[in-house]
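**Student:** Got a predicted structure here, sequence first:
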Amino acid sequence: MKIRKIAPNEDLETTVKKKRNRFKFILIAIIVLSAAGFLGFKYFTPKKEAICLGTDTKIYDAYKDAVVLIKHRYGYFAKINGKEIQLNVEDAKEETIYGTGFFVDTEGDMITNRHVLQPWDSSDEESAKVNTTIRNLRMKVASILTADVSENDYESFINNNWSHASVSYDEGEGDGEYEESGEETTESAGEEFVSSNETETDTVQVSTDIAASIPVKEYVPIENIEVYVKTLDIEVALHNSDSEWNSCEVKKVSDDTNVDLGLLQLVTHKTPQTVTNIISLDNIIDNDASLAPGQKAIMVGYPMGMDLAQTNSGIKVQLYNGQISKESDGNKIQYSITSTHGASGAPVFNECGQLIAVNFSGVDQVQGINFGIVAKHIQSL
């Protein structure tokens, strides 16, 4: 009979500890691998290498459904004593602009230009123009709106009396003191009662009596009047759609004035099923130093807005190509693509279909000199 040797107690404890540690390791490994499988091995599989599309036609076919036509309608509003009304007078008409955007995920997010989403703040010149308009509108409202007008009648009263409005309101003279406000002055009123043979003393007396008989109007204080611009609605239409517009909301705009980018989202928060290929931000050229003059540049967008987009068979996106003309300055890059108003926010690709820039401006007087914000800035949004 064989006798099995038993190791000392300390060796037995060590063996048990080793088995327990080995069991813990195996258990942790199983949990980690299970989690990785549940997440689709997102952090464990290598990134797929981008496929080079190679031709303009393949790029167009791949992304035409992801590029949208944007229609932005905005107007001037006044808040008077806390009551908001839209101003529909001659100086403050509604405006509609068109731009381009493109889907970057399945949640209805679209990249475009900031100036498409905030056209009243698109440049220093435009901002100054809008600020002057706002100031004049505020002055004119203050010059005609009397305190006895009810809040519900503000809009109709302003519309009916706008021809008498004036920007010559003197803020330093107190409420109701206006020049050229359309109100009859005491001097002109008095002249109707002055004949050629009256003395100067009589004239003054008559004018004083007339002035005393005219009731003094109390006007809404100008500090109680605020005028501003805001969006009425933003909608997008898809390629091949029959003028069907989808409501959107502005999600974010770039805080950097040199980066003309913004983020728009469908109110449904869902990208349409007809968009088979989004323009993935995983497939962009984020190293703008690699973009060199002479390399191909391809834009898919809506220059001229509805004027060119609308056809007998629905809305159609367009393709234009050229080449990079100048090295990137870190924010923008220049290329020789034909482009006009309406193509703001259009994606610009290289010959493989990788996003290199977002079109944002050009020279109106000369075709073929246009600029795009380099794609690396999209990540900051």
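**Tutor:** Ah, there it is.

**Student:** What are the boundaries of the strands in the stretch 151-300 of the chain?
**Tutor:** Secondary structure of the stretch 151-300 of the chain (DSSP state E, counting those that start in this stretch): strands located at 225-238, 246-253, 262-266, 296-301.

**Student:** can I get those strands in a markdown table with mean neighbour count, mean pLDDT and distance to residue 142?
**Tutor:** Bear in mind the C-beta positions are built from the backbone N, C-alpha and C, glycine included. Compiled in a markdown table, these are given as follows (neighbours: other C-beta atoms under 10 Å; pLDDT from 0 to 100; distance: least, C-beta to C-beta, whole Å):
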| stretch | mean neighbour count | mean pLDDT | distance to residue 142 |
| --- | --- | --- | --- |
| strand 225-238 | 18 | 97 | 6 |
| strand 246-253 | 16 | 97 | 31 |
| strand 262-266 | 22 | 98 | 34 |
| strand 296-301 | 24 | 98 | 43 |
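
**Student:** With distance to residue 319 added, can I get these in TSV?
**Tutor:** Compiled in TSV, the strands of the stretch 151-300 of the chain are given as follows (distance: least, C-beta to C-beta, whole Å):
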stretch	distance to residue 319
strand 225-238	16
strand 246-253	23
strand 262-266	22
strand 296-301	5
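
**Student:** which stretch among these comes nearest residue 146?
**Tutor:** Using C-beta to C-beta as the criterion, the shortest distance between residue 146 and the strands of the stretch 151-300 of the chain is 12.7 Å, found for strand 225-238.

**Student:** now for that closest one, which elements pack on it?
**Tutor:** Strand 225-238 sits against strand 67-80, helix 124-144, strand 246-253, strand 262-266, with contacts defined as 3 or more C-beta pairs under 8 Å, 6 or more residues apart in numbering; DSSP states H and E.

**Student:** Adding distance to residue 103, write the ones you listed out as CSV.
**Tutor:** Supplementary listing: the helices and strands packed on strand 225-238 in CSV, determined by distance: least, C-beta to C-beta, whole Å:
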stretch, distance to residue 103
strand 67-80, 7
helix 124-144, 28
strand 246-253, 11
strand 262-266, 9
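
**Student:** Residue 355: which of those is closest?
**Tutor:** Sorting those by C-beta to C-beta, the top spot, which is the nearest, belongs to strand 67-80 at 11.5 Å.

**Student:** Report the buried residues of the closest one.
**Tutor:** By neighbour count, with 16 or more other C-beta atoms under 10 Å as the criterion, the buried positions of strand 67-80 are 67, 68, 69, 70, 71, 72, 74, 75, 76, 77, 78, 80.

**Student:** Widest-spaced pair of those residues?
**Tutor:** The span of the buried residues of strand 67-80, defined through C-beta to C-beta, is set by 67 and 80 at 41.9 Å.

**Student:** circling back: closest to residue 96 out of the strands of the stretch 151-300 of the chain?
**Tutor:** Taking C-beta to C-beta, strand 225-238 is the member of the strands of the stretch 151-300 of the chain nearest to residue 96, at 9.0 Å.

**Student:** how much does that closest one deviate in direction from helix 124-144?
**Tutor:** With axes from the mean of the first three to the mean of the last three C-alpha atoms, to 10 degrees as the basis, strand 225-238 and helix 124-144 are set at 130 degrees to each other.

**Student:** OK, contacts around residue 299?
**Tutor:** Counting by C-beta atoms under 8 Å, 6 or more residues apart in numbering, residue 299 touches 319, 320, 321, 337, 339, 343, 346, 347, 348, 349, 359.

**Student:** what's the nearest residue to residue 217 if we skip its chain neighbours?
**Tutor:** residue 146 (5.3 Å; C-beta to C-beta, 6 or more residues apart in numbering).

**Student:** shaky segments in this structure?
**Tutor:** Counting by pLDDT under 70, the chain contains low-confidence ranges at 1-20, 23-25, 27-50, 169-215.

**Student:** Now do the helices in it.
**Tutor:** Using DSSP state H, the helices found in the chain span residues 9-38, 56-63, 114-117, 124-144, 154-161, 186-191, 200-213, 306-309.

**Student:** now the third one, how far from the chain's geometric center?
**Tutor:** This means helix 114-117. Centre-to-centre, helix 114-117 and its host chain are 3 Å apart (C-alpha atoms, centre = their mean, to the nearest Å).

**Student:** Can you give the contact residues for it?
**Tutor:** Contact partners of helix 114-117, identified using C-beta under 8 Å, 6+ apart, comprise 70, 72, 97, 99-101, 121-123, 234, 250, 253-254, 259-262, 264, 344-345, 360.

**Student:** redo that, cut-off 6 Å
**Tutor:** With C-beta atoms under 6 Å, 6 or more residues apart in numbering as the contact definition, helix 114-117 has outside contacts at 70, 99, 122, 250, 253, 254, 260, 261, 262, 344, 345.

**Student:** cool, the last one as well?
**Tutor:** Residues outside helix 306-309 that contact it (C-beta under 6 Å, 6+ apart) are 69, 302, 315.

**Student:** now swap in the second one and tell me
**Tutor:** Residues outside helix 56-63 that contact it (C-beta under 6 Å, 6+ apart) are 53, 277, 279, 298, 300, 319, 321, 349, 353.

**Student:** Report the buried members of these.
**Tutor:** In these, the ones that pass as buried (16+ other C-beta under 10 Å) are 53, 279, 298, 300, 319, 321, 349, 353.

**Student:** distance of the first one from residue 228?
**Tutor:** Meaning residue 53. For residue 53, the distance to residue 228 (C-beta to C-beta, to the nearest Å) stands at 45 Å.
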